[in-house]
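Colleague: Structure here, sequence nowhere to be found:
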């Protein structure tokens, strides 16, 4: 159930980012927010379907956000932090056992998805972003 609720929350975030992102594009601004909206929508849909692939998609979103933020403001921590803080916190939430426990889990004895294939790229992307 937590994965489904988290998926719905990510879909809502994606919709909000999408609306704002399209408006920003219309004003001649950055395409990042529309692209991030697609990442949130895909992650949310995969989470709602309880697919571990959602962690891979979110890892790509975290990495893309880091690339965009560094390209936009350089390595100034004070300007980087507001561009990635929520993305990183939500990524940490996705690695929590109560979210990952039911992702693609046919066998009861398998460890949570955060500690096998799908969680590793997300954890690495979060560590790089934090560094």
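Modeller: Ah, there it is. Bear in mind the structure is a predicted one, so any value in this text is a computation, not a measurement.

Colleague: so where's the longest helix in the chain?
Modeller: For the chain, the helix reaching the highest residue count under DSSP state H is reported as helix 2-26.

Colleague: for this structure, what helix or strand is lowest in average pLDDT?
Modeller: helix 119-130 (a mean of 78; mean pLDDT, DSSP states H and E).

Colleague: Please enumerate residues in contact with that one?
Modeller: Helix 119-130 is touched from outside by 52, 55-56, 58-60, 62-63, 65-66, 84, 87-88, 91-92, 94-95, 100, 112-114, with contacts defined as CB atoms under 8 Å, 6 or more residues apart in numbering. C-beta here means a position set from N, CA and C on the backbone, and glycine is covered the same way.

Colleague: sorry, back to before: for the very next helix or strand once past the longest helix of the chain, which helices and strands make contact with it?
Modeller: Past helix 2-26, further along toward the C-terminus, the next helix or strand under DSSP states H and E is helix 32-48. Helices and strands touching helix 32-48, by 3 or more CB pairs under 8 Å, 6 or more residues apart in numbering; DSSP states H and E, are helix 2-26, helix 53-73, helix 77-94.

Colleague: That's all I had, so thanks and see you.
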